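> The amino acid sequence is not available; the structure is as follows:
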């Protein structure tokens, strides 16, 4: 079993829809949770960063962490065609240098 | 502007050749990483380095080599021992702690 599980998609939605992207994980030591967005043939860029449980909102994006269920989510409101990309979850824990553990990514397609 | 520069963007390798991918960062980050990305397989860690003149193997180090002679630079050599080198290669950097990675824009390597 992988340490981080993420549905590869693709997830196809119409413009304006609310998108929900999710990851589950098995390591209870993870405390730092991130979402990266990767456009085709580009490097991933950090989209959202969350520590421990709870919600964080940034514009149309909301990151949610439920440590009791080992489940994290990224919600995109009013989705746009420009949101079409692959979204990777990543997480880490502990002190010092911490290697991120990545999900495989979910490909999102937003149609106009 | 601070960031990570990968070059070249596209690289073609003949069978039996060694090729070197460049990665330079001006973020003053201590740690640097090399990932390989294949369709549907997510990011796989090749090598990482937390300090100059020291580096560790990742999950798929066979057929690759690295050096870390300067803090800013972490070149990756794909040797002829790597039997299936065609992939998208990503370099990343980070500082101590759980603050996530900054990625370069990637190098697409194709065997011809």
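The structure has been received and is ready for your questions. Remember, it's a predicted structure, so these values are computed and weren't measured experimentally.
> Find the residue closest to residue B:88 in space, skipping its chain neighbours.
residue B:37 (4.5 Å; Cβ to Cβ, 6 or more residues apart in numbering or on different chains). C-betas here are computed from N, CA, C, even on glycine.
> Actually, residue A:97.
Leaving aside its chain neighbours, residue A:97 sits nearest to residue B:50 (5.0 Å; criterion: Cβ to Cβ, 6+ apart).
> Then residue A:51?
Per Cβ to Cβ, 6+ apart, closest to residue A:51 is residue A:32, 5.7 Å.
> is that neighbour in a bridge, and if so with what?
As for beta bridges, residue A:32 partners with residue A:51, residue A:92 under DSSP bridges.
> Check residue A:102 too.
residue A:90.
> quick revisit: the one helix or strand the residue nearest to residue B:88 maps to: partners in the sheet, and parallel or antiparallel?
Taking DSSP states H and E as the definition, residue B:37 sits inside strand B:31-38. Using DSSP bridges, the strands paired with strand B:31-38 are strand B:42-51 (antiparallel), strand B:87-94 (antiparallel).
> highest average neighbour count across those?
Of all the strands paired with strand B:31-38, strand B:87-94 carries the top mean neighbour count, a mean of 24, counting by mean count of other Cβ atoms under 10 Å in any protein chain shown.
> What is the subsequent helix or strand relative to it?
Following strand B:87-94 toward the C-terminus (DSSP H and E): strand B:102-103.
> Tell me how far the helix or strand following that next one lies from the chain's centre.
Proceeding N to C from strand B:102-103, the next assigned helix or strand is strand B:107-111, under DSSP H and E. What separates the centre of strand B:107-111 from the centre of its chain is 12 Å, taken as Cα atoms, centre = their mean, to the nearest Å.
> Next, the angle from strand B:107-111 to strand B:31-38.
Calculated by axes from the mean of the first three to the mean of the last three Cα atoms, to 10 degrees, strand B:107-111 forms an angle of 50 degrees with strand B:31-38.
> Remind me what strand B:107-111 packs against, helices and strands.
Applying 3 or more Cβ pairs under 8 Å, 6 or more residues apart in numbering or on different chains; DSSP states H and E, one finds that strand B:107-111 contacts strand B:10-13, strand B:19-25, strand B:87-94.
> okay but the residue nearest to residue A:97 is in contact with residue B:31, surely?
Yes: between residue B:50 and residue B:31 there is a contact at 4.8 Å, judged by Cβ atoms under 8 Å.
> any residues in contact with both of these two?
Counting by Cβ atoms under 8 Å, 6 or more residues apart in numbering or on different chains, the common neighbours of residue B:50 and residue B:31 are residue A:97.
> Quick check, pLDDT for the residue nearest to the spatial centre of chain B.
Centroid check for chain B by Cα atoms, centre = their mean gives residue B:34 as the closest residue, at 3.0 Å. In the predicted model, residue B:34 carries a pLDDT score of 98.
> Thanks a lot, see you next time.
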